[in-house]
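*Asks:* Okay, predicted coordinates and the sequence, questions at the end:
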Amino acid sequence: MKFLAMCSTGLGSSFMVRMNIEDIVRELQLPDVTVEHSDISSAGPESADVFFVAKDLEDAAAGLGDVVVLNSIIDKDELRDAVKSAAARHGLT
Amino acid sequence: MNSVLNTLLDIFREPSVIIGLIALLGLVLQRKSLSDTLKGTIKAFVGFLVLAAGAGVVSDALTPFGEMFQHAFGVQGVVPNNEAIVGKVLTDYGSQAALIFFFGMIVNVLLARFTRFKFIYMSGHVALYLSAMIAVILIANGFSTWQTVLWGSLAEGLITTLSPALVQPWMRKVTKQDNVALGHTGNFGIATSGLVGKLVGDTKKSTEDLKIPKGLGFLRDTTVVIAVSMGIIYLLVTLVAGAGYVEDKLSGGQWFLLWAVMQAGKFSAGVFIILAGVRVVLAEIIPAFKGISEKLVPNAKPALDVPIVFTFAPNAVLIGFLSSFVGGLIGMGVLVAIGGTIIIPGIVAHFMTGAASGVIGNATGGRRGAVLGAMTNGLMITFLPLLVLPFLGDVGLANSTFSDADFGVSGFLLGSAVRWGHSAVIVLILASLAAVFVGSAVATRREAAKSAADPGPESESEQQPVV
């Protein structure tokens, strides 16, 4: 199972979301999840199972598949809920 | 004995090896497994070489651009783009820049630990670019390697600690909390936007009440945006330079308009490669920095990249970008009228820092704040690079330069000090360090006196950290 956090350059904010997802994955003890980050133009539907983007990139990420749209990328509670439900969707819990 | 020393020096002249060693240290400190440690070290080493390869591609596209611009307009034309200039700088001064980046992070953690400035600068990419600029300014003006690393690291740590503090009063208005900060080299322009908004604006008329059509999502695709914007710039300059000149001197006979499009594509390809390299390098280094700073600095406020504010005011993002870009065009018009080096608006810089300026300007002064604040930022990132160019030595002639406002302000301060003499740089840095500690102590004492006199509930500053 692969989660991918994305932003427009794939340098700053997606990296931060990725590190927070990694913390949450560890906290929830989800098995076999790898988390990566990238810029939005390099990502295709095959790049990951679940994609995480901020709300402002919702349109740009359309068509990738299972896209999770975050209202605020600095809200860790929102992110935790999003990761939980993504894990449930993919039968991890 | 001498040959051992020479071998060691050889190793330290290879920035890719230094980056690999920094990653190795971070991975060991995180107690990663042996295979993860080896993998991460090698990736960081190779990532730096990827970055250097991208620098070559960008430079191949920019060199003929510079010649062509000179031929067409008789002056130097400069495209501010962080990735383009940093690629070149890191190829030439990478070892010193990598060490400044590394020790700068340590200075940042120490300052956050022992002063009230609890900001941990998590935007590794811009921190790396900043270390590159500091390295160039100090080396080009005659500092020895170890002095460059020593004073450069202190300067880097000071800037990365203080720059988020400039924007924090406005950030509190945007995020309604005080535990996340903005960490970007555009902070000086963004903070100025907040000030402009406060002075001229009206918070009752927010940008977010406007109905703005969507459909500019393509602006978020860096590769596309750079290719398109550079395509327009290359085509315009090629048309002025003329088919004869271009096909004769630059394109080797290729149709001049196709050649222009190809160069713009190459520029974007080069930036794409550099970004990929930076991403790989930072992926191995920043998690260690995050982990260590969280352990050592209680109540640390992570300073994060500008997109964290974009979701708070999507309309202001667009308005801010456009206003900043208009500011850049006006600035370019002024430069054309004056004559001399021309700064062409760099689209990525206007997007990133302009959008954040829009959000901050809207928070302090509504629509008018967003427009005028972001436009001020656009003017600043047009004129500030001119102040820094003379201090960059050969790099100043590279047809590209550092784009954001913090580069302009800190580069100008550092560069001006260097011209006074090496001791002026040392005085500047030590005085700033002293000011940070004294200012911090004074503020703590004042707050203690205030809370003793007025035991009311403390408002924003005691919330729990989120990130």
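*Replies:* Yep, it's here. Keep in mind it's a predicted model, so treat the numbers as computed, not measured.

*Asks:* what residue ranges in chain A score low on pLDDT?
*Replies:* Scanning chain A for pLDDT under 70 picks out nothing.

*Asks:* Quick one: the strands in the stretch 1-150 of chain B, in order.
*Replies:* Ranges of strands in the stretch 1-150 of chain B, per DSSP state E, counting those that start in this stretch, are B:77-80, B:119-121.

*Asks:* scratch that, the stretch 201-350 of chain B is what I was asking about
*Replies:* So, for the stretch 201-350 of chain B - with DSSP E, counting those that start in this stretch - the strands run B:301-304, B:342-343.

*Asks:* okay, the ones you listed, which one's buried deepest?
*Replies:* Mean neighbour count (mean count of other CB atoms under 10 Å in any protein chain shown) peaks for strand B:301-304 among the strands of the stretch 201-350 of chain B, with a mean of 26. For the C-beta atoms, the positions are set from N, CA and C on the backbone; glycine is no exception.

*Asks:* before we move on, the earlier item: with mean pLDDT as added columns, please give the strands of the stretch 1-150 of chain B in CSV.
*Replies:* Listed next are those as CSV, based on pLDDT from 0 to 100:
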stretch, mean pLDDT
strand B:77-80, 93
strand B:119-121, 96
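
*Asks:* how about those, which one is nearest chain A?
*Replies:* Closest approach to chain A among the strands of the stretch 1-150 of chain B (CB to the nearest CB): strand B:119-121, 10.8 Å.

*Asks:* and that closest one, which strands flank it?
*Replies:* With DSSP bridges as the test, strand B:119-121 is paired with strand B:301-304 (parallel).

*Asks:* outside of stretch B:52-62, which residues touch it?
*Replies:* B:16, B:79, B:83-84, B:87-88, B:90-91, B:94, B:263-264, B:266-267, B:269-277, B:398-400 (CB atoms under 8 Å, 6 or more residues apart in numbering or on different chains).

*Asks:* Show me what counts as buried in that stretch.
*Replies:* B:52-55, B:57-59, B:61-62 (16 or more other CB atoms under 10 Å in any protein chain shown).

*Asks:* Can you tell me which residues in chain A are near chain B?
*Replies:* A:7-13, A:15-16, A:19-20, A:37-41, A:54-57, A:59-60, A:70-77 (CB under 8 Å from any CB of the partner chain).

*Asks:* Just the buried ones from these?
*Replies:* By 16+ other CB under 10 Å, those give A:7-13, A:15-16, A:19-20, A:37-41, A:54, A:56-57, A:60, A:70, A:72-76 as buried.

*Asks:* Sort out for me which of those are in strands.
*Replies:* Of those, the ones assigned to strands by DSSP state E are A:7, A:37-39, A:54, A:70.

*Asks:* which of those residues sit farthest apart?
*Replies:* A:Asp39 and A:Leu70 (16.8 Å; CB to CB).

*Asks:* State the mean pLDDT of stretch B:32-42.
*Replies:* Stretch B:32-42 carries an average pLDDT of 95.

*Asks:* Who are the contact partners of B:Thr41?
*Replies:* B:20-21, B:23-24, B:27, B:284.

*Asks:* what about B:Val246, neighbour count?
*Replies:* B:Val246: 25 surrounding residues under other CB atoms under 10 Å in any protein chain shown.

*Asks:* Distance of the closest residue to it other than its chain neighbours relative to B:Gly396?
*Replies:* Nearest residue to B:Val246, sequence neighbours excluded (CB to CB, 6 or more residues apart in numbering or on different chains): B:Phe256, at 4.0 Å. Note on B:Phe256: its distance to B:Gly396, by CB to CB, to the nearest Å, is 28 Å.
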